[in-house]
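*Asks:* please work out how this folds:
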Amino acid sequence: MTTKANRPEKLREIALESLPQTIQDAITVTRELRYKYLWVDAIYIVQDDEEDCAREVSAMSLVYSGASLTISAAKADNSKQGFLQQRDLVQSYGLVFELPCKLHREGGETHILLHENCVQNKILENIDSRGWTLQEHLLAKRLLRYGSNQIEWKCREQISYDGGCPVEERHTKAIRLENGQGKYDMINWEILVRDYSRRSLLKLSDKLPAFGAIVANFAKTMKWDSSDYYAGLWKSDIHMQLSWRRDLTEPSSMEKGSGTSGYMETSCPSWSWASLRDPIDFEPHHFRWGKGTLEGVECKIDPKISGYRYGEVKSARLTVRGYVQQVRWTGHLFRQATCDDTCESMTVLPISVVWDTFLKPPPGSYYCLEVRPVSSGICGIILNEIDGQRFQRVGYFEYRTGELKSKVLEQLVAEKMSSKFSWSHAGGTRTIIIV
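*Replies:* Next comes the predicted model:
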């Protein structure tokens, strides 16, 4: 890789044998295809120069979408392994039988290979688990992918293989962002975010930068301004976007031993899914209904790269006006907070919660901010108070009136249902800042 120390030397000469095998193989492919230039991020970008890294990351959308061809070393675990070595036939294809045959039309002889197993790449190769590689694949005009068992060619016209069976589509409809506008594109956006959140990154602070080229392409397709982007969320769909939640069907980073229990790894705001290492999910669209209840949503972002809002942020604040209710978390369930919060009410609230971290927060006072209605109640985000006006998101909640456990609260709701009473509306609206 290029560093400040070896950059002058690399500007003079780069010896082929000094490069990792994967890059040597990429050079071989480049020469065989008669291209003159090859762009390698580890060589082109000065890895220990934060300013250079930031500047080049902001241009990734142009690099990937402007390249004539992208070479993907999908089968390689690392830069030293390479991808042009001979495959192990038995491991890749099982038993292989070679049968001689004659060509009647052209004349001469050839061979037919019969194999025990289906010739097909893995649906998910090693490269598909890395965060930075998603945008490389999605934005490529032409992709030459060296997989575990096949070479795959993908462009805007077709997908081809060097024999064998096609691989089940591993990416999303959002590959073709130019198709239409409206809610279907937001569905594609959420599919993309779900996929990306399951990928690994060495540094959590890379979560937004490694997705920035996709964001820039998406904004261009939708004809949106960068000011509409709120560190991972889009302004036009803010009520749905804020309703992300940690995916409990996937192991957390804490369970896998690859993360911490808090937000100390990144300056990304707590309202964004990019503040977590864990996989996230959204509510299926066919379950959604009703109108969001937040008002006066404003976002102020101080980006790390001046003028580039699609990358890492120094600080951010989201100002909203909505219905906020204080609650008491016992460590197991939620109770209605008393007026002076000196003791817990006996009223158990029908709140189900998905905390943003694997470790549950300590018992104490929290706040529920209603975001929008769901089929049998409301949903929103749980906040921890920092000071009188600033809050931090710590979870996602759903308040389901159909699951009331308390007869007292059931009676209270029944009495006020005719006036469109909602539990969260009892205290009226207030303006808060989420950081």
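
*Asks:* residues in contact with residue 155?
*Replies:* When contacts are counted by C-beta atoms under 8 Å, 6 or more residues apart in numbering, residue 155 touches 141-143. The way it works is simple: take the backbone N, C-alpha and C, and place the C-beta from them, glycine included.

*Asks:* from those, which land in strands?
*Replies:* residue 143 (DSSP state E).

*Asks:* scan the contacts of residue 155 and report the most crowded one.
*Replies:* residue 143 (20 neighbours; other C-beta atoms under 10 Å).

*Asks:* with adjacent residues omitted, what lies nearest to that residue?
*Replies:* Counting by C-beta to C-beta, 6 or more residues apart in numbering, residue 143 lies nearest to residue 154, which is 4.3 Å off, once chain neighbours are set aside.

*Asks:* for the one you found, name its beta-bridge partners.
*Replies:* Counting by DSSP bridges, residue 154 forms beta bridges with residue 143, residue 159.

*Asks:* separation between it and residue 66?
*Replies:* Distance from residue 154 to residue 66, counting by C-beta to C-beta, to the nearest Å: 17 Å.

*Asks:* higher neighbour count, the two?
*Replies:* Each of residue 154 and residue 66 has its neighbours counted (other C-beta under 10 Å); residue 154 has more, 20 against 11.

*Asks:* who's in contact with the more buried one?
*Replies:* Applying C-beta under 8 Å, 6+ apart, the residues near residue 154 are 140, 142-143, 145, 160.

*Asks:* and for residue 361?
*Replies:* Here residue 361 is in contact with 329, 355, 384, 394-395 (C-beta under 8 Å, 6+ apart).

*Asks:* before we move on, the earlier item: which of the contacts of residue 154 sit farthest apart?
*Replies:* 140 and 160 (14.8 Å; C-beta to C-beta).

*Asks:* which of the two has more neighbours?
*Replies:* Neighbour count, other C-beta under 10 Å: between residue 140 and residue 160, residue 140 has more, with 22 against 12.

*Asks:* which residues touch the residue nearest to the more buried one when sequence neighbours are not counted?
*Replies:* Counting by C-beta to C-beta, 6+ apart, residue 140 lies nearest to residue 70, which is 3.8 Å off, once chain neighbours are set aside. By C-beta under 8 Å, 6+ apart, the contact set of residue 70 is 64, 136-137, 140-144.

*Asks:* tabulate the residues you listed (TSV), appending pLDDT and distance to residue 27.
*Replies:* Formatted as TSV, the contacts of residue 70 follow (pLDDT from 0 to 100; distance: C-beta to C-beta, whole Å):
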residue	pLDDT	distance to residue 27
64	86	19
136	89	18
137	89	21
140	91	19
141	91	21
142	94	18
143	94	18
144	95	14
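
*Asks:* ok so, going back, ok, so of the contacts of residue 155, who is nearest residue 25?
*Replies:* residue 143 (16.1 Å).

*Asks:* relative to residue 230, how far out is the closest one?
*Replies:* 31 Å.

*Asks:* over to residue 60?
*Replies:* The value you get for residue 60 to residue 230, if C-beta to C-beta is used, is 20 Å.

*Asks:* with residue 63 instead?
*Replies:* 25 Å.

*Asks:* who has more neighbours out of these two?
*Replies:* residue 230 (23 against 18).

*Asks:* looks like that one contacts residue 301 (just checking).
*Replies:* Yes: contact criterion C-beta atoms under 8 Å: residue 230 and residue 301 qualify, at 7.3 Å.

*Asks:* what touches both of these two?
*Replies:* residue 316.

*Asks:* just name the shakiest helix or strand of the protein by mean pLDDT.
*Replies:* Lowest mean confidence among the helices and strands of the chain (mean pLDDT, DSSP states H and E): helix 407-416, at a mean of 45.

*Asks:* what helix or strand does residue 431 sit in?
*Replies:* strand 429-434 (DSSP states H and E).

*Asks:* what packs against that strand?
*Replies:* strand 313-329, strand 390-400 (3 or more C-beta pairs under 8 Å, 6 or more residues apart in numbering; DSSP states H and E).

*Asks:* of these, which stretch is the most buried?
*Replies:* strand 390-400 (a mean of 21; mean count of other C-beta atoms under 10 Å).

*Asks:* what lies in contact with that strand?
*Replies:* Under C-beta under 8 Å, 6+ apart, the answer for strand 390-400 is 243-246, 263, 270-271, 317, 349-357, 361, 366-369, 374, 376-386, 423-424, 432-435.

*Asks:* could you turn the buried ones of those into a ChimeraX selection?
*Replies:* To isolate the buried ones among those in ChimeraX, judged by 16 or more other C-beta atoms under 10 Å, type:
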select :243,244,245,246,263,270,271,349,350,351,353,354,355,356,357,361,366,367,368,369,374,377,378,379,380,381,382,383,384,423,424,432,434
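
*Asks:* in strands, which of the contacts of strand 390-400 fall?
*Replies:* 245-246, 317, 351-355, 366-369, 374, 377-385, 432-434.

*Asks:* surely residue 229 is in contact with residue 219?
*Replies:* Yes: using C-beta under 8 Å as the test, residue 229 is close enough to residue 219 to be in contact (6.7 Å).

*Asks:* can you name every helix or strand that the helix ranked longest in the chain contacts?
*Replies:* Scanning the chain for the helix with the most residues, using DSSP state H, yields helix 183-197. Using 3+ C-beta pairs under 8 Å, 6+ apart, the elements in contact with helix 183-197 are helix 133-138, helix 212-222, strand 280-281.
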